[in-house]
Every structure is written in structure tokens, then in C-alpha cells.
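*Asks:* One predicted model, sequence on top.
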Amino acid sequence: MKRPSFGVVSIDNTQIEGSAANFCASGDCTGINNVDKFYLFYLTRDCQSLGLTNCFSIGPEKIPPRKQFKIIQRTYIKPGTERGPDSTKLVLPLMFQLDGSKM
């Protein structure tokens, strides 16, 4: 039996815009073209207690402990059209799961 899917939170480009550049200390992004086109964002239970910026807290009231969930990332719609971008020209997103043991 398939379980129904439902949204817990939606994060749009206005919330992540420029977030990759925020992780660059002075000079660390030298030679990286278009760093403003990338994002680096944390999803965690409690951003404040970890001292994280560019972060969104997803508390247990939204996703109970030990429950499975999916993160879905979508590409944008090309302005003025009803189509997405050319898939052969996309840099696909990467996701890393951190366990916090080195924080």
C-alpha cells in the first residue's frame, strides 16, 4: 500500500539566494565562477542551537523522530515560458548528510 505524500515546507530561491557565497571567507572563492548561482543550505532539527546560518529548522512537530521523509529539489521555470531549462545544461544538485560529530 502506497503512503500518501504531503509537503512539510517549501524553500524558494529568495531564501537560498547568495547562500554559497556566504560560506566563502575573503579570498576562499577566488577562481570559482558564478558562485552567486549556487546555494548551500542546511536542513536540521534546530539551527539556533547549532549556530547555523543559511539553515531551516524542521522540528519534530513537522517530521516525527525516526520517520522517513524525502527532500525534493526542483529546477526553475524559464521566465516567460511554461518550460524548465535545458536539462543538458544543468548542474544537478548534490546533497550531503552530516551527522554533526565534527561540529
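*Replies:* Happy to help now that I have it.
*Asks:* and residue 22, that one's in a helix?
*Replies:* Yes: counting by DSSP: H, G, I helix; E, B strand; the rest coil, one finds residue 22 located in a helix.
*Asks:* List the contacts of the residue most central in space within the chain.
*Replies:* Nearest to the geometric centre of the chain sits residue 41, at 4.5 Å (Cα atoms, centre = their mean). Residues near residue 41 by Cβ atoms under 8 Å, 6 or more residues apart in numbering: 11, 15-16, 19, 54-56. C-beta here means a position set from N, CA and C on the backbone, and glycine is covered the same way.
*Asks:* Please repeat the previous calculation with a cut-off of 10 Å.
*Replies:* The neighbours of residue 41, taking Cβ atoms under 10 Å, 6 or more residues apart in numbering as the test, are 11, 15-16, 19-20, 22, 52-56.
*Asks:* ok, now residue 37?
*Replies:* By Cβ under 10 Å, 6+ apart, the neighbours of residue 37 are 17-18, 20-21, 91.
*Asks:* Can you list the residue ranges for helices in the chain?
*Replies:* Counting by DSSP state H, the chain has these helices, from start to end: 13-16, 47-50.
*Asks:* from the contacts of residue 41, which would you call buried?
*Replies:* 19-20, 54 (16 or more other Cβ atoms under 10 Å).
*Asks:* Would you convert those residues into TSV that also reports distance to residue 48 and pLDDT?
*Replies:* Converted to TSV, these look like this (distance: Cβ to Cβ, whole Å; pLDDT from 0 to 100):
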residue	distance to residue 48	pLDDT
19	17	85
20	22	84
54	13	85
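*Asks:* nearest to residue 60, of these?
*Replies:* residue 54 (21.8 Å; Cβ to Cβ).
*Asks:* Test my guess that the closest one contacts residue 47.
*Replies:* Yes: under the criterion of Cβ atoms under 10 Å, residue 54 makes contact with residue 47 at 8.9 Å.
*Asks:* separation between residue 62 and residue 18?
*Replies:* 26 Å (Cβ to Cβ, to the nearest Å).
*Asks:* Right, I'll call it a day here.
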